[in-house]
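[1] Here is my input, please return the structure:
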Amino acid sequence: MAKKEIVTTFKVTAPGGQATPAPPLGPALGGNGVNPGQFIQQFNAATGSLNGKVVGCVITVYGDRSFDFVIKSSPAANLIRTAAGIEKGSGVPHTEKVGKITSDQVRAIAEEKLADLNAGSVDSAMRMIEGTARSMGVVVEG
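    You can find the predicted model right below:
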């Protein structure tokens, strides 16, 4: 079987199991040649267990208008906001702190994101997550 020609690859984020073809997802899919209804049905089936948790998705579109997608973990900022119980990060993170998380919470986030990060170990992934937290104005304790 001949290899399919890849037309484009793009990324979207959507709530797991609850995606709809409404903006911004529908227009992004349609503009790249993906049938929004077909994608939403497959995406919601694949992410049904995540129940509203925002997840990333990398979509590859082929020349015959077929597509494949790979589900990624939630963005680190979303996981940190949930762990800290805050609505958004700080506008001036080095002077105004908006929340706190523990090193155990950082470890849990790092283990969840390890497959999607450019890190060789959980410790290096934890340092990445701690840096993201600092840039959001969240203090890492312990």
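[2] tell me the contacts of Leu50?
    Leu50 makes contact with Pro15, Gly16, Gly17 under the criterion C-beta atoms under 8 Å, 6 or more residues apart in numbering. In this view, the C-beta of every residue, glycine as well, is placed from N, C-alpha and C.
[3] gap between it and Ala14?
    10 Å (C-beta to C-beta, to the nearest Å).
[4] So Thr13 lies in a helix, does it not?
    No. Assessed with DSSP: H, G, I helix; E, B strand; the rest coil, Thr13 is strand; it does not lie in a helix.
[5] From the structure, what's the count of residues near it?
    15 (other C-beta atoms under 10 Å).
[6] Check the burial of Ser103 by counting its neighbours.
    When neighbours are counted by other C-beta under 10 Å, Ser103 comes out with 12.
[7] and the gap between Gly85 and Gly56?
    Distance, Gly85 to Gly56, by C-beta to C-beta: 22 Å.
[8] Which one's more surrounded, the two?
    More crowded of Gly85 and Gly56, by other C-beta under 10 Å: Gly56, with 16 against 9.
[9] Distance-wise, check that one relative to Pro24.
    Distance from Gly56 to Pro24, by C-beta to C-beta: 14 Å.
[10] how is this protein carved up into domains?
    Domain segmentation of the chain under automatic domain parsing yields 6-71, 76-141.
[11] Can you show me the strands along this protein?
    Per DSSP state E, the chain carries strands over the ranges 6-15, 54-62, 67-71, 99-102, 138-141.
[12] In JSON lines: those strands, plus mean pLDDT.
    Output for the strands of the chain, formatted as JSON lines (pLDDT from 0 to 100):
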{"stretch": "strand 6-15", "mean pLDDT": "92"}
{"stretch": "strand 54-62", "mean pLDDT": "93"}
{"stretch": "strand 67-71", "mean pLDDT": "94"}
{"stretch": "strand 99-102", "mean pLDDT": "94"}
{"stretch": "strand 138-141", "mean pLDDT": "93"}
